[in-house]
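Novice: Whatever this is, show me its structure:
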Amino acid sequence: MVAMRASWVAPGLAMAVCVALGGTGCSSASARGATDSGADVPAILFFRDAAPSTDTSPSRDGNAGPCAPKLMPNYSPPAYVPATLSPGLCTAAEIAAFVAACAGSSAAACNAWVAANVALADGGPGTACGSCILPFTNNGPAMTTDGYIRTNLAACIQLTDMTPAGAVCAADYQASTDCAFAACTSCDGETACLTAALAICTPDAGASACAIDQENGGSFETCSPGTVADTATYIANLMCGGTLVCPPASTTTYQPAAYVPAVGHQGVCTPADIAAWITACGDSGTMATCAPWQEANLGTSGTPCGNCIDAPNGNGAVWYGAGGTSNVAGCIQILDSAHGAACGAALDASLGCQYAACKNCPGTGPTDYGDCEIVAISSGGGCTSLNVAEESACSASGSFYDTCQPGGQGSDEALSYVTTLICGT
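Specialist: Below is the predicted model:
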């Protein structure tokens, strides 16, 4: 009942190429599109240019052959261009036409779609939808890499993981996959080459912002829901499709409240107290169960535990500046002695702005609040500057986001963890 905002985490980069490049299934065939068997393949759409060469230069292991990664000792990936949302530029029919042409069985069909829909560098014709899906800035739902058109999984990660780690992971992921494609230009995108190249091109993945076990799910699974067609459809709809059911309200007059630091380990709540509160007001709680708990525990006649959980100055286990959710900012502030104070204040300000923009959206649809938040913090949104400030202040605190919200911000697990940290022993 308390939770208003979901949270996503980004799993590790060094995973099977069939997942890392956008599709959740594997194929033994070349990774250039649908196979005759219909097996799921990586979300590489089509090689647009002339057929790749049969380069037989020495591979990384010193053996001649066209299908092993090339040496890439001096490779420098292109700079990551942050993705933005352009809702309403594509209809469902236009997205379906793109997917049919470029995630089907014919490179010629994809080339024809590009010619008809994508604006040319010299100012040639194009459609609004085509230019949204495949912009020359390479930050749309699809992007080009060494002649390939592929789904832009990095953009989806950035837009769906709204923690600072999401932005870092997106850039790291794109740099690694760009390197893998560059290393395999002579191999026609074959899965074996890309798998080997991705491992080589992802140094120290265990220390990166994406280094969470693949099975943990999060943004990678959100953004690659099935086949290459499923992935392309999901990302195109996210970035260019439809219209927002609940667009952000104006935040012109929004002013963040002064941040009040949380105090840890106050020792006023027992485990039984915390369990009783979560039962009454957590995920399974209702107004009928939560109101009596609030009446008995809050205010001047309440209990020390209740007034620690819902502190009058907003620094308790629950923070109502974002509509009522676990106090992740306070948790980070307590755990991260080096950067937590700055991160906590910046996170409070950003979440407060997002709530001010989107507080009328919950209940109108299962994703409307999250969609509204994404637009609010995207380029040109009312909360963009505060979100940028949060990402800067919290850039070194990424690991604490996951520690402070097991199960997602506002989940019973997160409420229990944060309440125990702030109000328990």
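Novice: Tell me the spacing between the residue sitting furthest away from the middle of the chain and Glu295.
Specialist: No residue in the chain has its C-alpha farther from the mean C-alpha position than Ser301, which lies at 43.3 Å (CA atoms, centre = their mean). According to CB to CB, to the nearest Å, Ser301 stands 9 Å off from Glu295. Where C-beta positions appear, they are placed from N, C-alpha and C, glycine not excepted.
Novice: what's the answer for Pro69, then?
Specialist: 65 Å.
Novice: With neighbour numbers in mind, choose between these two.
Specialist: Legend: neighbour count by other CB atoms under 10 Å for Pro69 and Glu295, higher for Pro69 (25 against 12).
Novice: so the more buried one touches Ala196, yeah?
Specialist: Yes. Pro69 is in contact with Ala196 according to CB atoms under 8 Å; the separation is 5.3 Å.
Novice: picking that back up, check the gap between the residue farthest from the centre of the chain and Asn307 for me.
Specialist: In terms of CB to CB, Ser301 sits 10 Å off from Asn307.
Novice: tell me the secondary structure for the spatially closest residue to Gln405 that is not a sequence neighbour?
Specialist: Spatial nearest neighbour of Gln405, chain neighbours left out: Ala414 (4.4 Å); criterion: CB to CB, 6 or more residues apart in numbering. Assigned with DSSP: H, G, I helix; E, B strand; the rest coil, Ala414 falls in the helix class.
Novice: Tell me where the stretch 101-250 of the chain is predicted with low confidence.
Specialist: 105, 120-125, 147, 163, 188-189, 202-218 (pLDDT under 70).
Novice: Count the residues that sit near Val168.
Specialist: Counted with other CB under 10 Å, the neighbours of Val168 add up to 21.
Novice: Reduced to three states, what does it come out as?
Specialist: Per three-state DSSP, Val168 ends up helix.
Novice: mind listing the helices for the stretch 101-250 of the chain?
Specialist: Ranges of helices within the stretch 101-250 of the chain are 107-117, 128-133, 153-160, 164-183, 191-200, 219-223, 228-240, based on DSSP state H, counting those that start in this stretch.
Novice: Tell me which of those helices sits nearest to Ala249.
Specialist: helix 153-160 (20.2 Å; CB to CB).
Novice: Let me know the pLDDT of the nearest residue to Val245 once chain neighbours are set aside.
Specialist: In this structure, Val245 finds its nearest non-sequential neighbour in Asp368, 5.0 Å apart by CB to CB, 6+ apart. Listed pLDDT for Asp368 reads 75.
Novice: quick one: buried residues of stretch 221-233?
Specialist: For stretch 221-233, the neighbour count (16 or more other CB atoms under 10 Å) marks Thr222, Cys223, Ser224, Thr227, Val228, Ala229, Asp230, Thr231, Ala232, Thr233 as buried.
Novice: Would you enumerate the residues in contact with the second one?
Specialist: The contact partners of Cys223, taken as CB atoms under 8 Å, 6 or more residues apart in numbering, are Gly22, Leu153, Cys156, Ile157, Thr160, Thr231, Tyr234, Ile235.
Novice: Tell me, how many residues neighbour the third one?
Specialist: If I follow you right, that is Cys156. 24.
Novice: which residue sits closest to it, ignoring its sequence neighbours?
Specialist: Nearest to Cys156 is Cys223, by CB to CB, 6+ apart, at 3.6 Å.
Novice: From Ala171, how far out is the one you found?
Specialist: 15 Å.
Novice: do Pro304 as well
Specialist: Pro304 is 45 Å from Ala171, by CB to CB.
Novice: Check Leu198 too.
Specialist: From Leu198 across to Ala171, the span is 16 Å (CB to CB).
Novice: Same question for Gly302.
Specialist: 47 Å.
Novice: Of these two, give the one with the bigger neighbour count.
Specialist: Ala171 (19 against 16).
Novice: tell me the contacts of the more buried one?
Specialist: Tyr80, Ala154.
Novice: before we move on, what about Ala112?
Specialist: Residues in contact with Ala112 (CB under 8 Å, 6+ apart) are Ala101.
Novice: again, but for Thr303
Specialist: Here Thr303 is in contact with Asp273, Ala296, Asn297 (criterion: CB under 8 Å, 6+ apart).
Novice: who wins for most neighbours among those residues?
Specialist: The most crowded member of these, judged by other CB under 10 Å, is Asn297 (22 neighbours).
Novice: And it, how far from Ala389?
Specialist: Separation of Asn297 from Ala389 (CB to CB) stands at 35 Å.
Novice: isn't Ala345 right up against Ala393?
Specialist: Yes. Using CB under 8 Å, Ala345 makes contact with Ala393 at a distance of 7.4 Å.
Novice: Would you mind writing the CA trace of stretch 418-425 as CSV?
Specialist: In CSV, the C-alpha atoms belonging to stretch 418-425 read as follows (Å, rounded to 0.1, in the frame of the first residue of the first chain):
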residue,chain,number,x,y,z
VAL,A,418,14.9,0.6,5.8
THR,A,419,12.7,0.6,8.9
THR,A,420,15.1,-1.7,10.7
LEU,A,421,18.1,0.4,9.7
ILE,A,422,16.5,3.7,10.9
CYS,A,423,14.2,2.7,13.7
GLY,A,424,15.5,-0.7,14.9
THR,A,425,18.6,-1.5,16.8
